[in-house]
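>>> got a sequence here, can you model it:
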Amino acid sequence: SDATGNNDGTSWQDAFTDLQDALTGTTGEVWVKVGTYFPTSGTDQNISFILNRDLYGGFNGTETARSQRDFRANETILSGNIGDPNDDQDNSFSIIDARNFSLIGLPGLIDGFTITKSQSGNTYDGQIGSHSIKNCIFEETVGNTAIFLNSISGAEIANCIFRNIDVSAGISTSAATITITSFTSNTVDIVNNLIFNAGNGIIILFANGTILNNSIVNNAGFSITDFQNSNLTVANNIITGNALTTSVLSGTLTNNIIEGTTDPNNFDLDPGFKDALNNDFSLTVCSDARNLGDNAFVPVSITEDVLGNTRIFDGMVDVGAFEVQAFPIQINAVETLDIECFEASTGQIALGVTGGTGALDYSIDGVNFQSSSVFTGLASGTYTIEVRDEDGCMDMASATLNELSTSVLSFSTSTVANVCQGESLGQIIINAS
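Residues are numbered from 1 along each chain as shown. Okay, the predicted model is just below:
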């Protein structure tokens, strides 16, 4: 909106100053600079961004190639907060209207946006055609769904975060964070997404599809459900903290962490989130989800996790949307310096440690921790050593300090008295042993 040139979209200097003009007034990809954009400058809740070409966000306004953008650093927001900023009731009904792709015969793509503040509609509303939604954050949707795809020929939803999605329909079979109907043999792929603090999670109807490496956590309804001739492969997901159970009626449900499951093909494990209370659902290095996934389910096109980190680290994919980027903490060397004198406190223990996350702390009593890996001033005995990282992951080892000499010095004394007064011939004799 701060461009001062010809307003024709041919360069950053001559960029369109209104995103709606860019979507209707050009061909090819549309690149969007960091900032917040509204569907209208007025208050008409029915106005949406009409998506009829590939749309990329996350630019700073200097790039000459799409690969140069950093969409995480340059947050590009599509907001429906068109009325009173403090009143959600007057927000846009739908922010992205992607129903036009079928008319122009193109697959649709949106990549690198935060899409927020819709009211009573579908935040992303797509029908027919093929849709690709990547690297987006959907948040603070009130009403229907974050993504609604109807009668589509295919879809890919990857590396997105869905948070605070308030589905007014509650626990229903028609509204969810992601609702997809296909009516064809084409597939929908939902990969590497985080869905939390929402209503229902994912509904699939009349579609083949894959739901892979997602974290679906702390939602008020179900996590995943399919019905009416769907055929799904659901694998490598973390599904926990949701009010209702997962229901996959047709297809494969395997290699997932599912809270409370008794299915031998899945796991009832604590996923080991870093800080779930503060909505950090990334994994610690001691998480049971680490290296628990099956690489065979990871699409070749997926090389990063939801945060942009390497998707397969240490040879085996992690379960869920996040990939741990460190090795487990391990004590791999213990060196001791024994005590030279009886009952002295001159012993030392030094540790060599690899792995873990962040700064490490060390203890020899399980209570008092220090930042140094060397302990000094120790008496003889056997010590249990603990090392922990910033996430509380630990490793333990033991070390024994010995006394090099256990002999006790003893002595006896005798005396020789002076015979005559004033003599200085007396003796004190000490015999040591």
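>>> going by C-alpha atoms from here, please, whenever you check contacts or count neighbours.
Fine.
>>> count of neighbours near F267?
The local packing of F267 (other Cα atoms under 10 Å) involves 21 other residues.
>>> what of I137?
21.
>>> so what's it up against?
F113, T114, I115, C160, I161, F162, R163 (Cα atoms under 8 Å, 6 or more residues apart in numbering).
>>> and if we set it to 7 Å?
F113, T114, I115, C160, I161, F162 (Cα atoms under 7 Å, 6 or more residues apart in numbering).
>>> could you dump those residues into JSON lines and include pLDDT?
Output for those, formatted as JSON lines (pLDDT from 0 to 100):
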{"residue": "F113", "pLDDT": "97"}
{"residue": "T114", "pLDDT": "96"}
{"residue": "I115", "pLDDT": "94"}
{"residue": "C160", "pLDDT": "93"}
{"residue": "I161", "pLDDT": "92"}
{"residue": "F162", "pLDDT": "89"}
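>>> of those residues, which belong to strands?
Assigned to strands by DSSP state E, the following of the contacts of I137 qualify: T114, I115, I161, F162.
>>> just the buried members of these?
T114, I115, I161, F162 (16 or more other Cα atoms under 10 Å).
>>> in the sheet, who's paired with the third one?
On the basis of DSSP bridges, I161 takes part in beta bridges with I137, L194.
>>> so what's it up against?
By Cα under 7 Å, 6+ apart, the contact set of I161 is C136, I137, F138, N193, L194, I195.
>>> go with 8 Å
With Cα under 8 Å, 6+ apart, I161 has these contacts: N135, C136, I137, F138, N193, L194, I195, V306.
>>> where do the helices of this protein begin and end?
19-24, 101-104 (DSSP state H).
>>> worst mean pLDDT among the ones you listed?
Here those differ in mean pLDDT, and the lowest is helix 101-104 at a mean of 52.
>>> beta-bridge partners for K33, please?
Beta-bridge partners, per DSSP bridges, of K33: F59.
>>> tally of neighbours for it?
By other Cα under 10 Å, the residues close to K33 number 25.
>>> what about stretch 226-237, start to end distance?
By Cα to Cα, to the nearest Å, the extent of stretch 226-237 from end to end equals 16 Å.
>>> state the mean pLDDT of it.
Computed over stretch 226-237, the average pLDDT equals 79.
>>> where does the stretch 151-300 of the chain dip in pLDDT?
Filtered on pLDDT under 70, the stretch 151-300 of the chain yields the residue ranges 167-176, 181-186, 206, 227-230, 249-250.
>>> strands along the stretch 1-150 of the chain, start to end?
For the stretch 1-150 of the chain, the strands defined by DSSP state E, counting those that start in this stretch cover 30-33, 35-37, 49-50, 55-59, 76-79, 96-98, 108-111, 114-116, 122-127, 130-134, 137-143, 145-150.
>>> which among these is found nearest to T179?
strand 145-150 (5.0 Å; Cα to Cα).
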